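Asker: requesting a structural model of the entry that follows:
(chains A, B, C and D)
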There are 2 protein chains.
Amino acid sequence: MLSGMAWNTDETKRRLKEAAVVEFAAHGLDGTTMERIARQAGINKERLYTYFGDKAQLFATVLADELNKVAAAVPLDNLYGPEAVAAYAAAVYDYHAEHPELTRLLLWEGLHHLGEVPDEASRTDYYRTKVAAFAEAQRANLISDEIPAADLAFLVLALAGWWYAVPQMARMMHADDAATPDTARQALMRAATKLATPKA
Amino acid sequence: MLSGMAWNTDETKRRLKEAAVVEFAAHGLDGTTMERIARQAGINKERLYTYFGDKAQLFATVLADELNKVAAAVPLDNLYGPEAVAAYAAAVYDYHAEHPELTRLLLWEGLHHLGEVPDEASRTDYYRTKVAAFAEAQRANLISDEIPAADLAFLVLALAGWWYAVPQMARMMHADDAATPDTARQALMRAATKLATPKA
DNA sequence: TCCAACTCCAACGATGGCGTTGGAAATTAC
DNA sequence: GTAATTTCCAACGCCATCGTTGGAGTTGGA
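Answerer: As a prediction, the model looks like this:
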(Lines give C-alpha, C1' and ligand atoms only; values in the text may rest on other atoms or scores of the structure.)
Protein backbone atom coordinates (compact mmCIF):
# COMPACT_ATOMS: atom_id res chain seq x y z
CA MET A 1 0.00 0.00 0.00
CA LEU A 2 1.11 3.56 -0.61
CA SER A 3 1.80 5.62 2.48
CA GLY A 4 -0.96 7.89 3.55
CA MET A 5 -3.68 5.56 2.37
CA ALA A 6 -6.27 4.28 4.76
CA TRP A 7 -6.45 0.56 5.52
CA ASN A 8 -9.05 -1.25 3.53
CA THR A 9 -9.39 -4.75 4.82
CA ASP A 10 -12.37 -5.74 2.70
CA GLU A 11 -10.74 -4.58 -0.49
CA THR A 12 -7.61 -6.51 0.45
CA LYS A 13 -9.62 -9.66 1.01
CA ARG A 14 -11.47 -9.19 -2.24
CA ARG A 15 -8.25 -8.78 -4.23
CA LEU A 16 -6.75 -11.85 -2.62
CA LYS A 17 -9.78 -13.98 -3.36
CA GLU A 18 -9.95 -12.71 -6.90
CA ALA A 19 -6.34 -13.69 -7.48
CA ALA A 20 -6.89 -17.01 -5.72
CA VAL A 21 -9.76 -17.93 -8.06
CA VAL A 22 -7.57 -17.34 -11.07
CA GLU A 23 -4.60 -19.27 -9.73
CA PHE A 24 -6.54 -22.21 -8.31
CA ALA A 25 -8.62 -22.56 -11.47
CA ALA A 26 -5.51 -22.50 -13.61
CA HIS A 27 -3.19 -24.73 -11.59
CA GLY A 28 -5.26 -26.56 -9.00
CA LEU A 29 -4.62 -26.88 -5.30
CA ASP A 30 -1.19 -28.47 -5.58
CA GLY A 31 -0.04 -26.45 -8.55
CA THR A 32 -0.84 -23.13 -6.96
CA THR A 33 1.54 -21.30 -4.66
CA MET A 34 0.42 -18.91 -1.99
CA GLU A 35 3.21 -16.59 -2.98
CA ARG A 36 1.92 -16.25 -6.54
CA ILE A 37 -1.59 -15.50 -5.35
CA ALA A 38 -0.26 -12.79 -3.07
CA ARG A 39 1.99 -11.33 -5.73
CA GLN A 40 -0.81 -11.26 -8.30
CA ALA A 41 -2.99 -9.42 -5.79
CA GLY A 42 -0.18 -7.07 -4.81
CA ILE A 43 -0.55 -8.10 -1.18
CA ASN A 44 1.77 -9.83 1.20
CA LYS A 45 1.51 -13.57 1.49
CA GLU A 46 0.99 -13.50 5.21
CA ARG A 47 -2.42 -11.84 4.80
CA LEU A 48 -3.70 -15.03 3.18
CA TYR A 49 -2.95 -17.03 6.29
CA THR A 50 -4.46 -14.60 8.78
CA TYR A 51 -7.59 -14.02 6.72
CA PHE A 52 -8.29 -17.44 5.23
CA GLY A 53 -6.24 -20.06 7.01
CA ASP A 54 -4.11 -22.47 5.05
CA LYS A 55 -4.21 -23.25 1.35
CA ALA A 56 -6.95 -25.88 1.52
CA GLN A 57 -9.25 -23.57 3.48
CA LEU A 58 -8.63 -20.79 1.00
CA PHE A 59 -9.57 -23.11 -1.83
CA ALA A 60 -12.78 -24.09 -0.09
CA THR A 61 -13.69 -20.46 0.58
CA VAL A 62 -13.07 -19.45 -2.99
CA LEU A 63 -15.08 -22.33 -4.42
CA ALA A 64 -18.00 -21.65 -2.08
CA ASP A 65 -18.03 -18.04 -3.25
CA GLU A 66 -18.12 -19.07 -6.89
CA LEU A 67 -20.92 -21.55 -6.26
CA ASN A 68 -22.98 -18.84 -4.63
CA LYS A 69 -22.41 -16.64 -7.63
CA VAL A 70 -23.58 -19.22 -10.13
CA ALA A 71 -26.57 -20.08 -7.98
CA ALA A 72 -27.60 -16.45 -8.12
CA ALA A 73 -26.79 -15.99 -11.80
CA VAL A 74 -28.46 -19.12 -13.22
CA PRO A 75 -31.82 -19.58 -11.52
CA LEU A 76 -34.07 -22.48 -12.33
CA ASP A 77 -37.59 -21.18 -11.99
CA ASN A 78 -40.18 -23.39 -13.57
CA LEU A 79 -39.59 -26.01 -16.20
CA TYR A 80 -42.64 -25.50 -18.34
CA GLY A 81 -41.39 -27.97 -20.95
CA PRO A 82 -38.43 -29.47 -22.83
CA GLU A 83 -37.52 -26.07 -24.24
CA ALA A 84 -37.13 -24.74 -20.73
CA VAL A 85 -34.74 -27.58 -19.93
CA ALA A 86 -32.74 -26.70 -23.02
CA ALA A 87 -32.74 -23.06 -22.02
CA TYR A 88 -31.47 -23.98 -18.57
CA ALA A 89 -28.71 -26.12 -20.06
CA ALA A 90 -27.74 -23.28 -22.37
CA ALA A 91 -27.71 -20.84 -19.46
CA VAL A 92 -25.37 -23.11 -17.52
CA TYR A 93 -23.20 -23.49 -20.62
CA ASP A 94 -23.11 -19.74 -21.15
CA TYR A 95 -22.27 -19.04 -17.56
CA HIS A 96 -19.36 -21.44 -17.72
CA ALA A 97 -18.21 -19.89 -20.99
CA GLU A 98 -18.01 -16.53 -19.28
CA HIS A 99 -16.65 -17.91 -16.00
CA PRO A 100 -14.45 -20.86 -16.95
CA GLU A 101 -12.99 -20.86 -13.45
CA LEU A 102 -16.00 -22.48 -11.86
CA THR A 103 -15.97 -25.76 -13.76
CA ARG A 104 -12.28 -26.06 -13.30
CA LEU A 105 -12.53 -25.46 -9.58
CA LEU A 106 -15.26 -28.08 -9.36
CA LEU A 107 -13.14 -30.56 -11.27
CA TRP A 108 -10.07 -29.95 -9.17
CA GLU A 109 -12.22 -30.46 -6.13
CA GLY A 110 -13.79 -33.63 -7.49
CA LEU A 111 -10.37 -35.06 -8.15
CA HIS A 112 -9.08 -34.22 -4.70
CA HIS A 113 -11.90 -35.15 -2.38
CA LEU A 114 -12.75 -38.79 -2.89
CA GLY A 115 -15.13 -38.79 0.06
CA GLU A 116 -16.90 -35.92 1.72
CA VAL A 117 -16.56 -32.38 0.51
CA PRO A 118 -16.47 -29.09 2.46
CA ASP A 119 -19.85 -27.47 2.95
CA GLU A 120 -21.55 -30.67 1.84
CA ALA A 121 -24.86 -30.05 3.60
CA SER A 122 -25.72 -26.69 2.06
CA ARG A 123 -24.51 -27.76 -1.34
CA THR A 124 -26.68 -30.85 -1.17
CA ASP A 125 -29.65 -28.60 -0.46
CA TYR A 126 -28.85 -26.51 -3.48
CA TYR A 127 -28.70 -29.46 -5.85
CA ARG A 128 -31.84 -30.94 -4.37
CA THR A 129 -33.84 -27.85 -5.25
CA LYS A 130 -32.77 -28.32 -8.86
CA VAL A 131 -33.79 -31.96 -8.73
CA ALA A 132 -37.10 -30.98 -7.16
CA ALA A 133 -37.83 -28.64 -10.06
CA PHE A 134 -37.32 -31.48 -12.51
CA ALA A 135 -39.44 -33.82 -10.41
CA GLU A 136 -42.24 -31.28 -10.29
CA ALA A 137 -42.22 -30.81 -14.05
CA GLN A 138 -42.34 -34.58 -14.46
CA ARG A 139 -45.35 -34.90 -12.15
CA ALA A 140 -47.11 -32.21 -14.17
CA ASN A 141 -46.36 -34.17 -17.36
CA LEU A 142 -44.47 -31.22 -18.78
CA ILE A 143 -41.30 -33.19 -19.46
CA SER A 144 -40.43 -36.84 -19.91
CA ASP A 145 -40.46 -39.03 -16.82
CA GLU A 146 -38.60 -41.91 -18.45
CA ILE A 147 -35.48 -40.90 -16.55
CA PRO A 148 -35.62 -40.29 -12.77
CA ALA A 149 -35.49 -36.59 -11.93
CA ALA A 150 -32.14 -36.72 -10.16
CA ASP A 151 -30.51 -38.52 -13.07
CA LEU A 152 -32.12 -36.27 -15.64
CA ALA A 153 -30.97 -33.11 -13.90
CA PHE A 154 -27.51 -34.57 -13.47
CA LEU A 155 -27.23 -35.58 -17.11
CA VAL A 156 -28.38 -32.19 -18.34
CA LEU A 157 -25.53 -30.69 -16.36
CA ALA A 158 -23.26 -33.30 -17.91
CA LEU A 159 -24.18 -32.13 -21.38
CA ALA A 160 -23.43 -28.55 -20.45
CA GLY A 161 -20.28 -29.24 -18.44
CA TRP A 162 -18.42 -31.87 -20.45
CA TRP A 163 -17.08 -29.33 -22.93
CA TYR A 164 -15.15 -27.63 -20.17
CA ALA A 165 -14.22 -30.82 -18.36
CA VAL A 166 -12.33 -32.37 -21.26
CA PRO A 167 -11.65 -29.55 -23.70
CA GLN A 168 -8.86 -31.56 -25.28
CA MET A 169 -11.39 -34.25 -26.22
CA ALA A 170 -13.84 -31.67 -27.57
CA ARG A 171 -11.11 -30.17 -29.71
CA MET A 172 -9.91 -33.50 -31.10
CA MET A 173 -13.38 -34.82 -31.90
CA HIS A 174 -14.20 -31.68 -33.82
CA ALA A 175 -10.85 -31.67 -35.56
CA ASP A 176 -11.42 -30.25 -39.02
CA ASP A 177 -15.03 -29.14 -39.07
CA ALA A 178 -15.84 -25.72 -37.77
CA ALA A 179 -16.33 -26.20 -34.03
CA THR A 180 -17.41 -22.87 -32.66
CA PRO A 181 -18.78 -22.46 -29.16
CA ASP A 182 -21.99 -21.57 -30.94
CA THR A 183 -22.50 -24.86 -32.75
CA ALA A 184 -21.68 -26.62 -29.52
CA ARG A 185 -24.36 -24.60 -27.83
CA GLN A 186 -26.90 -25.56 -30.46
CA ALA A 187 -26.04 -29.24 -30.19
CA LEU A 188 -26.32 -29.00 -26.43
CA MET A 189 -29.78 -27.46 -26.62
CA ARG A 190 -31.02 -30.05 -29.08
CA ALA A 191 -29.69 -32.80 -26.88
CA ALA A 192 -31.27 -31.37 -23.74
CA THR A 193 -34.57 -30.99 -25.56
CA LYS A 194 -34.48 -34.59 -26.70
CA LEU A 195 -33.72 -35.83 -23.22
CA ALA A 196 -36.64 -33.92 -21.76
CA THR A 197 -39.21 -34.61 -24.48
CA PRO A 198 -41.80 -37.24 -23.52
CA LYS A 199 -41.99 -40.33 -25.63
CA ALA A 200 -44.45 -39.95 -28.49
CA MET B 1 15.99 -57.16 -5.66
CA LEU B 2 17.09 -60.24 -3.80
CA SER B 3 20.58 -61.39 -4.53
CA GLY B 4 20.86 -64.21 -7.01
CA MET B 5 17.90 -63.04 -9.02
CA ALA B 6 18.35 -62.16 -12.62
CA TRP B 7 17.66 -58.63 -13.79
CA ASN B 8 14.25 -58.18 -15.28
CA THR B 9 14.00 -54.80 -16.92
CA ASP B 10 10.58 -55.24 -18.44
CA GLU B 11 9.05 -56.37 -15.21
CA THR B 12 10.63 -53.40 -13.46
CA LYS B 13 9.18 -51.03 -16.00
CA ARG B 14 5.78 -52.67 -15.73
CA ARG B 15 5.72 -52.37 -11.96
CA LEU B 16 6.76 -48.74 -12.14
CA LYS B 17 4.06 -47.88 -14.65
CA GLU B 18 1.47 -49.76 -12.66
CA ALA B 19 2.32 -47.78 -9.56
CA ALA B 20 2.45 -44.56 -11.58
CA VAL B 21 -1.10 -45.06 -12.87
CA VAL B 22 -2.40 -45.43 -9.35
CA GLU B 23 -0.54 -42.44 -7.97
CA PHE B 24 -1.22 -40.10 -10.87
CA ALA B 25 -4.89 -41.00 -10.98
CA ALA B 26 -5.20 -40.43 -7.25
CA HIS B 27 -3.17 -37.25 -6.83
CA GLY B 28 -2.57 -35.77 -10.26
CA LEU B 29 0.67 -34.57 -11.76
CA ASP B 30 1.52 -32.05 -9.07
CA GLY B 31 0.23 -34.07 -6.15
CA THR B 32 2.23 -37.15 -7.04
CA THR B 33 5.83 -37.64 -5.97
CA MET B 34 8.29 -39.74 -7.88
CA GLU B 35 9.50 -41.15 -4.62
CA ARG B 36 6.05 -42.53 -3.72
CA ILE B 37 5.67 -44.17 -7.10
CA ALA B 38 9.03 -45.84 -6.71
CA ARG B 39 8.34 -46.92 -3.15
CA GLN B 40 4.97 -48.38 -4.09
CA ALA B 41 6.63 -50.35 -6.87
CA GLY B 42 9.47 -51.42 -4.62
CA ILE B 43 11.99 -49.94 -7.05
CA ASN B 44 14.47 -47.14 -6.73
CA LYS B 45 13.40 -43.70 -7.78
CA GLU B 46 16.24 -43.26 -10.19
CA ARG B 47 14.89 -45.98 -12.47
CA LEU B 48 11.93 -43.73 -13.29
CA TYR B 49 14.20 -41.08 -14.72
CA THR B 50 16.34 -43.40 -16.84
CA TYR B 51 13.37 -45.33 -18.19
CA PHE B 52 10.73 -42.66 -18.64
CA GLY B 53 12.30 -39.22 -18.39
CA ASP B 54 10.89 -36.64 -16.03
CA LYS B 55 7.54 -36.61 -14.29
CA ALA B 56 5.56 -35.03 -17.13
CA GLN B 57 6.86 -37.58 -19.63
CA LEU B 58 6.00 -40.41 -17.29
CA PHE B 59 2.49 -39.07 -16.99
CA ALA B 60 2.12 -38.89 -20.76
CA THR B 61 3.42 -42.42 -21.18
CA VAL B 62 1.09 -43.80 -18.58
CA LEU B 63 -1.96 -42.04 -20.03
CA ALA B 64 -1.14 -43.20 -23.55
CA ASP B 65 -0.97 -46.76 -22.26
CA GLU B 66 -4.36 -46.50 -20.62
CA LEU B 67 -5.91 -44.99 -23.73
CA ASN B 68 -4.63 -47.89 -25.79
CA LYS B 69 -6.17 -50.28 -23.31
CA VAL B 70 -9.60 -48.69 -23.44
CA ALA B 71 -9.47 -48.47 -27.21
CA ALA B 72 -8.89 -52.21 -27.32
CA ALA B 73 -11.43 -53.03 -24.63
CA VAL B 74 -14.36 -50.93 -25.83
CA PRO B 75 -14.67 -51.26 -29.59
CA LEU B 76 -17.31 -49.42 -31.57
CA ASP B 77 -18.26 -51.69 -34.42
CA ASN B 78 -21.47 -50.73 -36.12
CA LEU B 79 -24.20 -48.57 -34.71
CA TYR B 80 -27.22 -50.40 -36.00
CA GLY B 81 -29.59 -48.18 -34.02
CA PRO B 82 -30.25 -46.18 -30.86
CA GLU B 83 -29.92 -49.32 -28.75
CA ALA B 84 -26.40 -49.80 -30.04
CA VAL B 85 -25.55 -46.26 -29.00
CA ALA B 86 -26.90 -47.00 -25.54
CA ALA B 87 -24.90 -50.21 -25.42
CA TYR B 88 -21.76 -48.32 -26.37
CA ALA B 89 -22.40 -45.71 -23.68
CA ALA B 90 -22.94 -48.46 -21.15
CA ALA B 91 -19.75 -50.21 -22.22
CA VAL B 92 -17.79 -47.00 -21.71
CA TYR B 93 -19.47 -46.50 -18.35
CA ASP B 94 -18.66 -50.07 -17.31
CA TYR B 95 -15.08 -49.79 -18.41
CA HIS B 96 -14.64 -46.66 -16.32
CA ALA B 97 -16.32 -48.34 -13.37
CA GLU B 98 -13.72 -51.08 -13.50
CA HIS B 99 -10.84 -48.76 -14.37
CA PRO B 100 -11.56 -45.50 -12.57
CA GLU B 101 -8.01 -44.37 -13.21
CA LEU B 102 -8.58 -43.54 -16.85
CA THR B 103 -11.19 -40.81 -16.42
CA ARG B 104 -9.19 -39.27 -13.65
CA LEU B 105 -6.04 -39.23 -15.74
CA LEU B 106 -7.96 -37.62 -18.59
CA LEU B 107 -9.36 -35.00 -16.27
CA TRP B 108 -6.01 -34.19 -14.72
CA GLU B 109 -4.65 -33.86 -18.22
CA GLY B 110 -7.50 -31.64 -19.36
CA LEU B 111 -6.92 -29.34 -16.44
CA HIS B 112 -3.20 -29.08 -17.08
CA HIS B 113 -2.89 -28.72 -20.82
CA LEU B 114 -4.88 -25.73 -21.94
CA GLY B 115 -3.49 -25.94 -25.46
CA GLU B 116 -2.02 -28.88 -27.28
CA VAL B 117 -1.73 -32.29 -25.71
CA PRO B 118 0.96 -34.97 -26.07
CA ASP B 119 0.30 -37.48 -28.84
CA GLU B 120 -2.41 -35.24 -30.21
CA ALA B 121 -2.29 -36.58 -33.78
CA SER B 122 -2.90 -40.24 -33.06
CA ARG B 123 -5.49 -39.48 -30.45
CA THR B 124 -7.35 -37.27 -32.88
CA ASP B 125 -7.40 -40.18 -35.31
CA TYR B 126 -8.86 -42.41 -32.66
CA TYR B 127 -11.70 -40.05 -31.81
CA ARG B 128 -12.40 -39.40 -35.45
CA THR B 129 -13.07 -43.09 -36.08
CA LYS B 130 -15.71 -42.95 -33.38
CA VAL B 131 -17.25 -39.87 -34.93
CA ALA B 132 -17.16 -41.55 -38.35
CA ALA B 133 -19.16 -44.48 -36.98
CA PHE B 134 -21.84 -42.11 -35.77
CA ALA B 135 -21.85 -40.23 -39.06
CA GLU B 136 -22.23 -43.46 -40.97
CA ALA B 137 -25.18 -44.56 -38.88
CA GLN B 138 -26.76 -41.17 -39.44
CA ARG B 139 -26.36 -41.41 -43.21
CA ALA B 140 -28.01 -44.84 -43.12
CA ASN B 141 -30.90 -43.33 -41.16
CA LEU B 142 -30.26 -45.74 -38.31
CA ILE B 143 -29.97 -43.02 -35.66
CA SER B 144 -31.11 -39.43 -35.36
CA ASP B 145 -29.27 -36.85 -37.44
CA GLU B 146 -30.68 -33.89 -35.56
CA ILE B 147 -27.34 -33.49 -33.80
CA PRO B 148 -24.09 -33.43 -35.81
CA ALA B 149 -22.15 -36.66 -35.49
CA ALA B 150 -19.18 -35.15 -33.68
CA ASP B 151 -21.41 -33.49 -31.12
CA LEU B 152 -23.56 -36.56 -30.67
CA ALA B 153 -20.58 -38.83 -30.07
CA PHE B 154 -19.08 -36.28 -27.72
CA LEU B 155 -22.29 -35.90 -25.73
CA VAL B 156 -22.77 -39.65 -25.40
CA LEU B 157 -19.32 -39.79 -23.84
CA ALA B 158 -20.38 -36.91 -21.61
CA LEU B 159 -23.31 -38.91 -20.30
CA ALA B 160 -21.05 -41.84 -19.53
CA GLY B 161 -18.15 -39.85 -18.10
CA TRP B 162 -19.79 -37.17 -15.98
CA TRP B 163 -20.42 -39.56 -13.10
CA TYR B 164 -16.69 -40.01 -12.67
CA ALA B 165 -15.79 -36.42 -13.44
CA VAL B 166 -17.82 -34.89 -10.61
CA PRO B 167 -18.61 -37.73 -8.24
CA GLN B 168 -19.27 -35.26 -5.46
CA MET B 169 -22.07 -33.75 -7.53
CA ALA B 170 -23.49 -37.16 -8.37
CA ARG B 171 -23.53 -38.08 -4.71
CA MET B 172 -25.18 -34.85 -3.58
CA MET B 173 -27.87 -34.88 -6.25
CA HIS B 174 -28.84 -38.42 -5.36
CA ALA B 175 -28.72 -37.66 -1.67
CA ASP B 176 -31.37 -39.81 -0.03
CA ASP B 177 -32.72 -42.00 -2.81
CA ALA B 178 -30.89 -45.20 -3.52
CA ALA B 179 -28.22 -44.23 -6.01
CA THR B 180 -26.53 -47.43 -7.02
CA PRO B 181 -24.16 -47.61 -9.95
CA ASP B 182 -26.83 -49.78 -11.52
CA THR B 183 -29.63 -47.21 -11.54
CA ALA B 184 -27.13 -44.72 -12.89
CA ARG B 185 -26.32 -47.15 -15.67
CA GLN B 186 -29.98 -47.54 -16.54
CA ALA B 187 -30.54 -43.79 -16.63
CA LEU B 188 -27.49 -43.43 -18.82
CA MET B 189 -28.75 -46.00 -21.31
CA ARG B 190 -32.19 -44.44 -21.49
CA ALA B 191 -30.63 -41.04 -22.05
CA ALA B 192 -28.30 -42.31 -24.77
CA THR B 193 -31.21 -44.03 -26.47
CA LYS B 194 -33.28 -40.87 -26.43
CA LEU B 195 -30.43 -38.83 -27.89
CA ALA B 196 -29.96 -41.27 -30.74
CA THR B 197 -33.60 -41.94 -31.54
CA PRO B 198 -34.86 -40.12 -34.63
CA LYS B 199 -37.68 -37.69 -34.22
CA ALA B 200 -41.09 -39.31 -34.65
C1' DT C 1 -0.22 13.80 22.65
C1' DC C 2 0.11 9.15 23.92
C1' DC C 3 -1.38 4.40 23.84
C1' DA C 4 -3.74 0.28 22.40
C1' DA C 5 -5.41 -2.12 18.56
C1' DC C 6 -5.23 -3.11 13.97
C1' DT C 7 -3.07 -3.72 9.31
C1' DC C 8 0.63 -4.86 6.85
C1' DC C 9 5.25 -6.94 5.21
C1' DA C 10 10.24 -8.52 4.76
C1' DA C 11 12.71 -12.12 6.18
C1' DC C 12 13.21 -16.61 8.17
C1' DG C 13 13.24 -21.78 9.44
C1' DA C 14 11.86 -25.99 8.01
C1' DT C 15 10.40 -29.35 4.97
C1' DG C 16 9.81 -31.93 0.99
C1' DG C 17 10.46 -33.15 -3.64
C1' DC C 18 13.02 -33.09 -8.17
C1' DG C 19 16.53 -34.86 -10.76
C1' DT C 20 21.60 -36.54 -10.42
C1' DT C 21 25.73 -39.03 -9.28
C1' DG C 22 29.11 -42.31 -7.97
C1' DG C 23 29.51 -46.79 -7.28
C1' DA C 24 27.96 -51.73 -6.14
C1' DA C 25 25.97 -56.02 -7.87
C1' DA C 26 24.81 -58.91 -11.70
C1' DT C 27 25.40 -60.32 -16.42
C1' DT C 28 27.56 -61.05 -20.82
C1' DA C 29 31.47 -61.50 -24.04
C1' DC C 30 35.83 -63.18 -24.83
C1' DG D 1 38.71 -65.87 -15.20
C1' DT D 2 38.51 -61.18 -16.41
C1' DA D 3 36.96 -57.07 -18.65
C1' DA D 4 33.08 -54.56 -20.43
C1' DT D 5 28.30 -53.70 -20.04
C1' DT D 6 24.01 -53.38 -17.98
C1' DT D 7 20.84 -53.03 -14.05
C1' DC D 8 20.19 -51.20 -9.88
C1' DC D 9 20.29 -48.08 -5.58
C1' DA D 10 21.70 -45.08 -1.44
C1' DA D 11 22.85 -40.68 -0.82
C1' DC D 12 23.26 -36.01 -2.28
C1' DG D 13 22.72 -30.93 -3.96
C1' DC D 14 19.56 -27.82 -4.87
C1' DC D 15 15.51 -25.23 -5.06
C1' DA D 16 10.67 -24.06 -4.26
C1' DT D 17 7.12 -23.50 -1.14
C1' DC D 18 4.70 -23.70 3.17
C1' DG D 19 3.47 -21.35 7.19
C1' DT D 20 5.48 -18.15 10.89
C1' DT D 21 7.51 -14.30 13.32
C1' DG D 22 9.11 -9.93 14.83
C1' DG D 23 8.51 -5.51 14.00
C1' DA D 24 7.10 -1.27 11.41
C1' DG D 25 3.39 1.70 9.82
C1' DT D 26 -1.55 3.36 10.59
C1' DT D 27 -5.70 4.42 12.97
C1' DG D 28 -8.97 5.93 16.54
C1' DG D 29 -9.98 7.01 21.16
C1' DA D 30 -8.89 9.13 25.84
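
Asker: identify the residues contacting stretch A:23-31?
Answerer: Identification of contacts with stretch A:23-31 by C-beta atoms under 8 Å, 6 or more residues apart in numbering or on different chains yields A:32-33, A:36-37, A:40, A:55-56, A:59, A:62-63, A:100-102, A:104-105, A:108, A:111-112, B:27-31, B:111-112. C-beta: built from backbone N, CA, C; applies to glycine.

Asker: if you could redo that for stretch A:115-133, that was the one I meant.
Answerer: A:60, A:63-64, A:67, A:71, A:76-79, A:109, A:149-150, A:153, B:168-169, B:172-173, B:175.

Asker: would you indicate which residues of it are buried?
Answerer: For stretch A:115-133, the neighbour count (16 or more other C-beta atoms under 10 Å in any protein chain shown) marks A:117, A:123-124, A:126-128, A:130-131, A:133 as buried.

Asker: show me how far that stretch is from its chain's centre.
Answerer: The chain centroid and the centroid of stretch A:115-133 are separated by 13 Å under C-alpha atoms, centre = their mean, to the nearest Å.

Asker: one more: stretch A:117-134?
Answerer: That offset, for stretch A:117-134, works out to 13 Å (C-alpha atoms, centre = their mean).

Asker: just stretch A:78-88 next, same as before
Answerer: With C-alpha atoms, centre = their mean as the basis, stretch A:78-88 stands 20 Å off its chain's centre.

Asker: quick check: buried residues in that stretch?
Answerer: So for stretch A:78-88, counting by 16+ other C-beta under 10 Å, buried means A:79, A:81-82, A:84-88.

Asker: in strands, which of those residues appear?
Answerer: In strands, judged by DSSP state E, none of the buried residues of stretch A:78-88 are found.

Asker: so who does residue A:174 touch?
Answerer: For residue A:174, the contact set (C-beta under 8 Å, 6+ apart) comprises B:150-151, B:154.

Asker: in helices, which of the residues you listed fall?
Answerer: With helices defined by DSSP state H, the entries of these inside them are B:150-151, B:154.

Asker: with respect to chain A, which of these is nearest?
Answerer: residue B:151 (3.5 Å; C-beta to the nearest C-beta).

Asker: from residue A:184, how far off is that closest one?
Answerer: For residue B:151, the distance to residue A:184 (C-beta to C-beta, to the nearest Å) stands at 7 Å.

Asker: the nearest residue to residue A:83 once chain neighbours are set aside is in what secondary structure piece?
Answerer: Sequence neighbours aside, residue A:193 is the residue nearest to residue A:83 in space, at 6.5 Å (criterion: C-beta to C-beta, 6 or more residues apart in numbering or on different chains). Counting by DSSP states H and E, the element that carries residue A:193 is helix A:181-196.

Asker: helices or strands up against that helix?
Answerer: helix A:82-98, helix A:149-165, helix B:149-165, helix B:181-196 (3 or more C-beta pairs under 8 Å, 6 or more residues apart in numbering or on different chains; DSSP states H and E).

Asker: quick one: low-confidence ranges for chain A?
Answerer: Applying pLDDT under 70 to chain A picks out residues A:1-7, A:176-179.

Asker: scan the contacts of residue A:174 and report the most crowded one.
Answerer: Neighbour counts for the contacts of residue A:174, by other C-beta atoms under 10 Å in any protein chain shown, peak at residue B:154, which reaches 29 neighbours.

Asker: go ahead and confirm that residue touches residue A:165.
Answerer: No. Using C-beta atoms under 8 Å, residue B:154 makes no contact with residue A:165, being 11.2 Å away.

Asker: how about the closest residue in space to residue A:158 that isn't next to it in sequence, what does it touch?
Answerer: Residue nearest to residue A:158 in three dimensions, not counting chain neighbours: residue B:162, with 3.3 Å by C-beta to C-beta, 6+ apart. Each residue near residue B:162 by C-beta under 8 Å, 6+ apart is listed here: A:154-155, A:157-158, A:161-162, A:165, B:170.

Asker: and residue A:189, by the same measure?
Answerer: A:86-87, A:89-90.

Asker: tell me the one of those residues nearest DNA strand C?
Answerer: Proximity of the contacts of residue A:189 to DNA strand C (C-beta to the nearest atom of the strand) peaks at residue A:89, which lies at 39.5 Å.

Asker: from chain B, how far off is that closest one?
Answerer: For residue A:89, the distance to chain B equals 11 Å [C-beta to the nearest C-beta, to the nearest Å].

Asker: okay, now the nearest residue to that residue once chain neighbours are set aside: neighbour count?
Answerer: Leaving out its chain neighbours, the residue that sits closest to residue A:89 by C-beta to C-beta, 6+ apart is residue A:192, at 4.0 Å. If you count neighbours by other C-beta under 10 Å, residue A:192 ends up with 29.

Asker: thinking residue A:192 is in contact with residue A:157, fair?
Answerer: No. With contact defined as C-beta under 8 Å, residue A:192 does not reach residue A:157; the gap is 10.0 Å.

Asker: okay, and the common contacts of those two?
Answerer: Any residue near both residue A:192 and residue A:157 by C-beta under 8 Å, 6+ apart counts here, and that gives residue A:89.
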